[in-house]
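Colleague: predicted model, plus sequence, below.
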Amino acid sequence: MTTNKARIIGWILTGLVGLFLIGGSGVPKFVEWPGKAAMMDHLGLPLALVPIIGVIEIAVTLIYLIPRTSFLGAILLSGYLGGAVLTHLRVGDPWWFPVVLGAIAWLGLALRQPVIMRLALGSSAEVIQPAGRST
């Protein structure tokens, strides 16, 4: 796969992760909808925590979406999704979706920034600096 195609696919995956986490999961935490209180009760979380969880979710996703801070964002996003896995495991709900979402987030980042893949795989190849930067 060419580098340009990989970057495009990486940005598409990154955009999908961002769209879901902000639009499909983060923003609804600030809106009342039927079943919200019952769902939070099932998860054992007080309803008052939902906006705080929403702020954290949106913040780490925005950090992930900004190219300069995307590596830090991916790390923070992994921690957030790890908490989601634990929450779902604790109540016996399916836990695999946050794991898949985290893997897609890291894959998107690795395709956008090939150095991430080389670091993850332990490649001994020399890291090439972007144009305009000296080592």
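Modeller: Noted; the coordinates are in hand. Numbering: from 1, shown residues only.

Colleague: measure the one residue sitting closest to the centre of the chain to V17 for me?
Modeller: Nearest residue to the geometric centre of the chain (CA atoms, centre = their mean): L77, 4.4 Å. In this view, L77 and V17 are 8 Å apart by CB to CB, to the nearest Å. All C-beta atoms are positioned from the backbone trio N, CA, C, and that covers glycine.

Colleague: can you read off the pLDDT for W11?
Modeller: Looking at W11, its pLDDT reads 97.

Colleague: all further residue positions should be reported with the first residue as 72.
Modeller: With 72 as the first residue, the last one maps to W82.

Colleague: my read: it touches Q184, true?
Modeller: No - because the distance of 10.9 Å does not satisfy CB atoms under 8 Å, W82 is recorded as not touching Q184.

Colleague: now do the shared contacts for the two.
Modeller: Common contact partners of W82 and Q184 (CB atoms under 8 Å, 6 or more residues apart in numbering): none.
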